[in-house]
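Novice: build me a model from this:
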Amino acid sequence: MSTSGFRWSSYLPGSSYCIGFADATVSFHDRDSASPSTRVQKLQFVGTLSGFAAGAWLGAAEAPTKLVTLGISPLNVSLLMVFGVFLARWSLPALIRGTSQIRTDVHNAPHLMVWGVLAGCLWAVANTLTIFAIRDIGLSIAFPLWNVNSLLGIFWGFLLFNELRDAGTLRWLTLLGGALLMFVGATLLAVASSTQSPADHPFQGVIAALGAGLLWGTMYIPYRKAYLTGMNPLSFVAFFTVGELAMMLALAFVYGGGLAALWRQLAQAREALFWLMLGGFVWVIGDLFQQYAAKYVGISRGIPLSNTNQLWGLLWGILVFGELRGLRSSLYAQVVGGSLLMAAGAAAIALSSVSSKERARWREAAERESRRYAVSSDFVNAALSGLNPTAATNISTSRPGRSFLDWLLILLATAAFLVLATLARAPNLAIHWSALVVLTAALLMLLVACGLALWRTTGFN
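Specialist: All right, here's what the predicted structure looks like:
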């Protein structure tokens, strides 16, 4: 295959694919005899659905951090969530496909390990800031503030990866209108939080939330580099968590008083360990969906779409934990209205379809990354088409099925959560259980729907 045109081409046994993002002349054949446009539409639908599912699960993941109001150190809350994240980021890929894909990706694009670790470090600091923000201004207010990261996602996608280039006037108007809505919504929330904060330091809470948004927005640069170079999301998150855990341990040791003090604090919080690590596990499910959204619809669309988690955070904060109770009706309207405006802006940006001209510019960015890191074009093309790159590159570093290591990772993660569950106690919080059951059911329905769509369309590639 010639790489001069850099056409998205990939191959499977008994099938051949050639998906072109630049024009409509590209064709492929598969067992469903779908047209090229149908395949591209399926990938865009899967990416969009993944963004919605990510929003729901990322929103639910922050609920356990309400335990910070019970006197647990924000650093320890974040550290325990990262422990849960670490277990999930290795056990879930082992369960879904096996870890052999990681060896394939390392063989083809070893530089992405560094980018994955860097992204994890940024996430750890940002997540710690969110804990302080929740403590100072509450979950339902902090959520939308740190979701200004979608604006940075749009900026970096345009500047570095040719997203929204040649997108057309209508799409740009949608983009700017959505960005304006998000700005107005964030302003309303900042005003509300500064006048009716549940803590003594509302300004610090606002700064912490915006700082988290800044770091998370920058974190999306490694995301896009990874997927333009062909890395599987399940592999990327495995390296991501190495940076998370290393950075979080460093923060805990430096600011927590050393190893002895940290161990003592964790022992005192043993009844909450399960809930906080469960929050990290839930977060990983949402992040996996976010990774697929970033891969198939780009960070300028996938990240704002996943930032619908602000609405889910609002639902958890108000319906389950009873936040904002007792506020004046005008301030209550500000919080709800600001969240809705930000969500509407994100939706407008995310639902702006990708034109053929813009896809051509994506192609240029992928070609640049492929040349820069000397990655096989067959490997990149197969991965971007949502197919298994192993068949296209004839690499034998990956074995099908699950190995002993995969089952060991699954077993260890399961055992860890079972042991912690025996120590857990229900938190002493006023919780509306009927609302909790309804929201949990909605999460599970989205998990099943999006998981099946990803499996049928991409096989989790």
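
Novice: listing request: residues of this protein with sub-threshold pLDDT.
Specialist: Counting by pLDDT under 70, the chain contains low-confidence ranges at 1-36, 65-71, 139-140, 190, 192-201, 327, 389-401.

Novice: pretty sure L387 is touching F460, no?
Specialist: No. Counting by CB atoms under 8 Å, L387 does not reach F460; the two are 11.2 Å apart. Backbone N, C-alpha and C define where each C-beta goes, glycine included.

Novice: comparing the two, which residue is more hemmed in?
Specialist: The residue with more neighbours, out of L387 and F460, is L387; 24 against 18, by other CB atoms under 10 Å.

Novice: sketch out the helices for the stretch 51-200 of the chain, chain order is fine.
Specialist: 74-96, 100-108, 111-137, 139-146, 149-161, 169-195 (DSSP state H, counting those that start in this stretch).

Novice: and the ones you listed, which is most packed in?
Specialist: Between the helices of the stretch 51-200 of the chain, helix 139-146 has the highest mean count of neighbours, a mean of 28, where neighbours are mean count of other CB atoms under 10 Å.

Novice: that helix vs helix 111-137, what angle?
Specialist: 140 degrees (axes from the mean of the first three to the mean of the last three CA atoms, to 10 degrees).

Novice: helices or strands next to helix 139-146 in the packing?
Specialist: Packing contacts for helix 139-146, counted by 3 or more CB pairs under 8 Å, 6 or more residues apart in numbering; DSSP states H and E, involve helix 111-137, helix 169-195, helix 202-228, helix 309-315, helix 329-350.

Novice: can we see that at 6 Å?
Specialist: If contacts are counted by 3 or more CB pairs under 6 Å, 6 or more residues apart in numbering; DSSP states H and E, helix 139-146 sits against helix 111-137, helix 169-195, helix 202-228, helix 309-315.

Novice: and those helices as CSV, adding distance to V242?
Specialist: Below are those laid out as CSV (distance: least, CB to CB, whole Å):
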stretch, distance to V242
helix 111-137, 5
helix 169-195, 32
helix 202-228, 13
helix 309-315, 24
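
Novice: looking at those, which is closest to S330?
Specialist: helix 169-195 (9.2 Å; CB to CB).

Novice: centre of the chain to that closest one, how far?
Specialist: Its chain's average C-alpha position is 21 Å from that of helix 169-195, according to CA atoms, centre = their mean, to the nearest Å.

Novice: kindly check the end-to-end length of stretch 101-114 for me.
Specialist: End-to-end span of stretch 101-114 (CA to CA, to the nearest Å): 17 Å.

Novice: which residue is nearest the centroid of the chain?
Specialist: Centroid-nearest residue in the chain, with CA atoms, centre = their mean: D287, separated by 3.1 Å.

Novice: any idea how far that one lies from E271?
Specialist: Plainly put, D287 is 27 Å away from E271 if you go by CB to CB, to the nearest Å.

Novice: just to revisit the earlier point, buried ones in the helix or strand in which the residue nearest to the centre of the chain is found?
Specialist: Here D287 sits within helix 270-297, counting by DSSP states H and E. Using 16 or more other CB atoms under 10 Å as the test for burial, helix 270-297 gives 271-297.

Novice: what packs against that helix?
Specialist: Using 3+ CB pairs under 6 Å, 6+ apart, helix 270-297 sits against helix 36-61, helix 74-96, helix 299-306, helix 404-423.

Novice: what's the first one packed up against?
Specialist: By that I understand helix 36-61. helix 270-297, helix 299-306, helix 309-315, helix 433-458.

Novice: now do it: distance to the chain's middle.
Specialist: 12 Å.

Novice: tell me the angle it makes with helix 74-96.
Specialist: Using the same axes, to 10 degrees: helix 36-61 against helix 74-96 is 140 degrees.

Novice: list the buried residues for helix 36-61?
Specialist: Neighbour-count burial for helix 36-61 flags 36, 39-40, 42-44, 46-61 (criterion: 16+ other CB under 10 Å).

Novice: measure S150 to S356 for me?
Specialist: For S150 relative to S356 (CB to CB), the value is 25 Å.

Novice: the helices and strands packed on helix 139-146: which one's closest to L405?
Specialist: Using CB to CB, those put helix 111-137 closest to L405, at 18.0 Å.

Novice: list the helices and strands that closest one packs on?
Specialist: Short answer (3+ CB pairs under 6 Å, 6+ apart): helix 111-137 packs on helix 74-96, helix 139-146, helix 202-228, helix 233-256.

Novice: and of those, who's closest to I131?
Specialist: For I131, the closest of the helices and strands packed on helix 111-137 is helix 74-96, at 3.8 Å, according to CB to CB.

Novice: packing partners of that closest one?
Specialist: helix 111-137, helix 233-256, helix 270-297, helix 404-423.

Novice: with distance to L173 as extra columns, can I get these in JSON lines?
Specialist: Converted to JSON lines, the helices and strands packed on helix 74-96 look like this (distance: least, CB to CB, whole Å):
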{"stretch": "helix 111-137", "distance to L173": "31"}
{"stretch": "helix 233-256", "distance to L173": "31"}
{"stretch": "helix 270-297", "distance to L173": "19"}
{"stretch": "helix 404-423", "distance to L173": "47"}
